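> Please find the sequence and the predicted model below.
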Amino acid sequence: MTTYISQLKKRRSIYHIGTNVNLNEEELETLIQSAIKESPSAFNAQSSRAVILFGEAHTKLWNLVEKNLKPVTPTEAFPNTQTKLASFAAGKGTILFFEDVDVTTALQQQFALYADNFPLWAEQSTGIAQHSVWTALAEQQIGATIQHYNPLIDLDVQKEWDLPTNWRLTGQMPFGSIETPAGEKEYMADNLRFRTYK
């Protein structure tokens, strides 16, 4: 098994996270930035953006999510929602992933033949960036999940951290020490997923 595949196997959804990570905030920032910078994008667009939240900012995000979810969640289901959000807030930090829509629009104008494809390619870029960061964290024994409370929280996030309006939120990644490992991963049969022709 190659080292890279071994790292991919480490990347799991870890929901029980804490603050006892083996890297300091500066090292985490460098790791996250490097993973995103080395992630490929169509036409080398480099349209992925990220905001890294630690400390009070990290806690504030999950309070903000709770505030936005409360009016749209059935009363009887809200305690479970609060428990889930508290598990994310218990981590070391959160990464907010964005795509710069101005980059996509400019490419659509510059390469009209591919205009319809650029939004799809932007989605692929943000997915690759998220996966790269997730795997890089896993390599350091740091757990994470990817959450999607956008677009519900978009306006509040933009206002709270004074972010450009052309940054479109695509996902939130709470991360931290692995307090409870993921269970055994189940795989569907290969013959249902793959085909090879010669």
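Cool, the structure landed.
> Run through the neighbouring helices and strands of the top strand by length along the chain.
As assigned by DSSP state E, the longest strand anywhere in the chain is strand 167-178. Judged by 3 or more CB pairs under 8 Å, 6 or more residues apart in numbering; DSSP states H and E, strand 167-178 is in contact with strand 17-18, helix 55-69, strand 93-100, helix 118-139, strand 142-144, helix 154-160. Where you see a C-beta, it was placed from the backbone N, CA and C, and this is true even at glycine.
> Reformat these as CSV; add mean neighbour count and distance to residue 3.
Output for the helices and strands packed on strand 167-178, formatted as CSV (neighbours: other CB atoms under 10 Å; distance: least, CB to CB, whole Å):
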stretch, mean neighbour count, distance to residue 3
strand 17-18, 20, 25
helix 55-69, 17, 31
strand 93-100, 23, 24
helix 118-139, 20, 10
strand 142-144, 27, 18
helix 154-160, 15, 36
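> Which among the ones you listed is found nearest to residue 173?
Nearest to residue 173 among those is strand 93-100 (4.3 Å), distances taken as CB to CB.
> which residues make contact with the next helix or strand after that closest one from outside it?
Counting by DSSP states H and E, the next helix or strand C-terminal to strand 93-100 is helix 101-110. Under the criterion CB atoms under 8 Å, 6 or more residues apart in numbering, residues 43, 45, 46, 47, 114, 115, 118, 119, 122, 166, 167, 168 lie in contact with helix 101-110.
> any idea how far the fourth one is from residue 158?
By that I understand residue 47. To residue 158, residue 47 is 17 Å away according to CB to CB, to the nearest Å.
> Report the beta-bridge partners for the residue nearest the centre of the chain.
With distances taken as CA atoms, centre = their mean, the residue of the chain nearest its centroid is residue 173 (4.1 Å). Assessed by DSSP bridges, residue 173 has beta-bridge partners residue 95.
> which residues does it contact?
Contact partners of residue 173, counting by CB under 8 Å, 6+ apart, are 94, 95, 96, 97, 130, 133, 134, 144, 145, 146, 147.
> do the same with residue 138
Residue 138 neighbours (CB under 8 Å, 6+ apart): 7, 10, 11, 12, 144.
> same deal with residue 99?
For residue 99, the contacting residues are 47, 48, 49, 122, 123, 125, 126, 167, 168, 170, by CB under 8 Å, 6+ apart.
> switch to 10 Å and redo it
For residue 99, the contacting residues are 41, 45, 47-49, 119, 122-123, 125-126, 129, 166-170, by CB atoms under 10 Å, 6 or more residues apart in numbering.
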